[in-house]
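K.L.:
quick check, what structure comes out for this input:
(one chain, ligands or ions: 1)
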Amino acid sequence: MTMNRESDGNQGKTIGHKTLSEKLSDLIFPQHLYCGCCGNIIDETRKYGLCDHCLAHFGWNTDGLELIDGMAAGACLDYGIYERTLIFGLKYKGRKYLARDIAAIMADKVCALGLDKICGTIVPVPLHRSKERKRGFNQAALIGKHLARLTGMECIPDMLIRTRDTAPMRSLGPAERRWNIEGGIAFNEKYASLASEKRVLLIDDFYTTGSTALECRRALNSGGVTDVTFLAFAARRSRDTGDAAAAMGR
Ligand SMILES: [Zn+2]
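P.N.:
Numbering: from 1, shown residues only. The predicted structure is shown next:
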């Protein structure tokens with residue numbers, strides 16, 4: 001990998017010297033004392049803050065990008081119980097520090113695919129205000145912030161907005177997912193003057209059919225962003241079935 005962990009884009013910060021908020025975060029959540037996935041005791045040298053067992057059991061996806069309805073899209077991992085544990089720890093158990101480890105995994109994929117050179121701007125899939133208020137954060141935006149720091153890209157967390165709350169996608173089939181999300185995401189007009197010059201890397205923690213990502217692309221296109229690539233932390237391999245049991249049976 002050719003990750004540049006020394007520079008931090010245009011933010012004037014350096015990676016070698018953590019920001020104050022990151023130092024505080026390290027005090028509250030000492031990173032890499034315990035595996036972020038299973039909780040085993042580890043030392044600081046473990047990659048991504050994961051123990052050897054979990055690293056070996058992650059479903060590493062070494063593929064390049066595929067096309068979903070004409071949009072280049074990819075994922076770092078195939079979604080299974082280990083990946084789910086990490087995502088659930090962040091989203092539902094409030095372990096915000098896991099966003100750093102997820103971002104580190106995504107940063108290696110971004111750099112391996114050269115997406116940091118191609119895209120320039122990270123835009124996270126938005127969460128509806130009510131959900132964000134309930135959870136306290138948007139996990140994709142949190143990952144995006146760390147990903148920007150690691151890759152030297154910029155992150156614009158509010159370029160997209162959820163215009164209505166949607167039902168959870170988990171129990172829906174592919175057609176229902178499209179219907180559920182249709183028209184639910186809009187471009188934030190305050191970025192209208194910048195849109196034409198932005199090449200966007202849309203990111204999310206997870207995808208199945210890609211219907212949410214495609215709705216984000218539609219919204220970005222409508223705002224004038226023509227170049228959109230999508231990368232998720234994990235993707236469910238059996239995308240056509242919508243069958244959680246099949247995806248989890250790895
Ligand atoms: Zn572990």
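K.L.:
hey, what's the most centrally placed residue in the chain bridged with?
P.N.:
When Cα atoms, centre = their mean is applied to the chain, the residue found nearest the centroid is Asp204 (3.4 Å). Taking DSSP bridges, one obtains Ala232 as the residues bridged to Asp204.
K.L.:
touching, it and Val125? I think so.
P.N.:
Yes. Using Cβ atoms under 8 Å, Asp204 makes contact with Val125 at a distance of 4.1 Å. C-betas here are computed from N, CA, C, even on glycine.
K.L.:
identify the contacts common to those two.
P.N.:
Residues touching both Asp204 and Val125 by Cβ atoms under 8 Å, 6 or more residues apart in numbering: 140, 212-213.
K.L.:
for this structure, which helix or strand comes out least confident on mean pLDDT?
P.N.:
helix 244-248 (a mean of 37; mean pLDDT, DSSP states H and E).
K.L.:
could you list every helix and strand in contact with the longest helix along the chain?
P.N.:
For the chain, the longest helix by residue count, based on DSSP state H, is helix 98-112. Helices and strands touching helix 98-112, by 3 or more Cβ pairs under 8 Å, 6 or more residues apart in numbering; DSSP states H and E, are strand 71-78, helix 81-91, helix 139-151, strand 199-207, strand 227-235.
K.L.:
what does the chain have sitting close to the ion?
P.N.:
Proximity of the chain to the ion is confined to 35, 37-38, 40, 51, 54 under the rule Cβ under 5 Å from the ion.
K.L.:
out of these, who's nearest Ala234?
P.N.:
For the residues of the chain next to the ion, the closest approach to Ala234 (Cβ to Cβ) belongs to Cys37, at 12.3 Å.
K.L.:
spit out the contact partners of that closest one.
P.N.:
50-51, 54, 82, 85-86, 89.
K.L.:
go on, Ala73?
P.N.:
By Cβ under 8 Å, 6+ apart, the neighbours of Ala73 are 65-67, 207, 210, 213, 229-232.
K.L.:
ok so, going back, right, and the helix or strand after the longest helix of the chain?
P.N.:
helix 115-118 (DSSP states H and E).
K.L.:
tilt between the helix or strand just after that following helix and strand 199-207?
P.N.:
The helix or strand immediately downstream of helix 115-118 is strand 120-124, counting by DSSP H and E. Interaxial angle of strand 120-124 relative to strand 199-207 (axes from the mean of the first three to the mean of the last three Cα atoms, to 10 degrees): 30 degrees.
K.L.:
export strand 120-124 as PDB, just CAs?
P.N.:
Extracted in PDB, the C-alpha atoms of strand 120-124 (Å, rounded to 0.1, in the frame of the first residue of the first chain):
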ATOM      1  CA  GLY A 120     -10.800  14.100  -4.000                       C
ATOM      2  CA  THR A 121     -14.100  14.600  -2.100                       C
ATOM      3  CA  ILE A 122     -15.600  12.200   0.300                       C
ATOM      4  CA  VAL A 123     -19.400  12.400   0.800                       C
ATOM      5  CA  PRO A 124     -21.000  10.100   3.400                       C
END
